[in-house]
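Student: Quick one, fold the following:
(2 chains)
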Amino acid sequence: DQQVKQNSPSLSVQEGRISILNCDYTNSMFDYFLWYKKYPAEGPTFLISISSIKDKNEDGRFTVFLNKSAKHLSLHIVPSQPGDSAVYFCAAQKGSGGSNYKLTFGKGTLLTVNP
Amino acid sequence: DTGVSQDPRHKITKRGQNVTFRCDPISEHNRLYWYRQTLGQGPEFLTYFQNEAQLEKSRLLSDRFSAERPKGSFSTLEIQRTEQGDSAMYLCASSQGDTQYFGPGTRLTVL
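Tutor: Take a look at the predicted model:
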């Protein structure tokens, strides 16, 4: 039973355009969500996070949107750059403010940004 | 800030052998996590330490697996009597607040 789902295994966009990566979750107890980027043979690198008390968080070119009623979040990258090409993982956890522990990950989406 | 480090980066072993991996967390982080990632999957939680106390173990962590974090600093993950199904990337992460920061991982191949 997969509690965090990334239904698009891959996404290809042109440099300079917007990349939109989607994530759905089933467990209503999740209240903190994170996006990680992963290059081959490296560990995941933290990108951006959002608490369930917010519906949007922005950091430079990266914006995460959370729709709690739909149990859906998305990561927008604008403008996309070739260096953004990587696997993007959505992750969720129960508890925030220091009480967190384990992350539940989706299977990832491979983003390819073409020059 | 030196980040999370893991050693070794790669390990090839024969089935039935024991292996041990080390993780050094970011120095001020009191929480440390182990995850396992197999091909085509996201990382899966294995176990979690707060300081030196191991607070949760996943059912994925069979009794061939043991993890320690003596003195609440570095951690080791040992796999006894390795099986081919143990081949995976083993990831360590640490946190002080809500965000977990990952190391580069140890790639284990069991022949």
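Student: And stretch A:4-12, how far out from the chain middle?
Tutor: 10 Å (Cα atoms, centre = their mean, to the nearest Å).
Student: can I get the CA coordinates of it in PDB?
Tutor: The C-alpha trace of stretch A:4-12 is given here as PDB (Å, rounded to 0.1, in the frame of the first residue of the first chain):
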ATOM      1  CA  VAL A   4       2.800   8.600  -1.300                       C
ATOM      2  CA  LYS A   5       2.400   8.300  -5.100                       C
ATOM      3  CA  GLN A   6       4.200  10.000  -7.900                       C
ATOM      4  CA  ASN A   7       2.300   8.800 -10.900                       C
ATOM      5  CA  SER A   8       4.600  10.200 -13.600                       C
ATOM      6  CA  PRO A   9       7.800   8.200 -13.900                       C
ATOM      7  CA  SER A  10       9.300  10.800 -16.200                       C
ATOM      8  CA  LEU A  11       8.800  14.300 -17.500                       C
ATOM      9  CA  SER A  12      10.600  16.200 -20.300                       C
END
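Student: in it, what's buried?
Tutor: By 16 or more other Cβ atoms under 10 Å in any protein chain shown, the buried positions in stretch A:4-12 come out as A:4, A:6, A:11. Just so you know, the C-beta spots here come from the backbone N, C-alpha and C atoms, and that holds for glycine as well.
Student: Might you report the residue contacts of the first one?
Tutor: So the one you mean is A:V4. Shown in contact with A:V4 (Cβ atoms under 8 Å, 6 or more residues apart in numbering or on different chains): A:23-26, A:30, A:90-92, A:104-106, B:42.
Student: Excluding covalently adjacent residues, which one is nearest to it?
Tutor: Among residues not flanking A:V4 along the chain, A:G106 sits closest, at 4.4 Å (Cβ to Cβ, 6 or more residues apart in numbering or on different chains).
Student: And the one you found, how close does it get to A:F30?
Tutor: The spacing between A:G106 and A:F30, counted by Cβ to Cβ, to the nearest Å, is 12 Å.
Student: More neighbours: which of these two?
Tutor: Using other Cβ atoms under 10 Å in any protein chain shown as the criterion, A:G106 and A:F30 rank with A:G106 on top: 24 against 20.
Student: pretty sure the more buried one is touching A:Q6, no?
Tutor: Yes: counting by Cβ atoms under 8 Å, A:G106 touches A:Q6, with 3.7 Å between them.
Student: Now do the shared contacts for these two.
Tutor: Common neighbours of A:G106 and A:Q6 (Cβ under 8 Å, 6+ apart) are A:23, A:89-90.
Student: restrict those residues to those near chain B?
Tutor: Among the shared contacts of A:G106 and A:Q6, the residues that sit close to chain B (Cβ under 8 Å from any Cβ of the partner chain) are A:F89.
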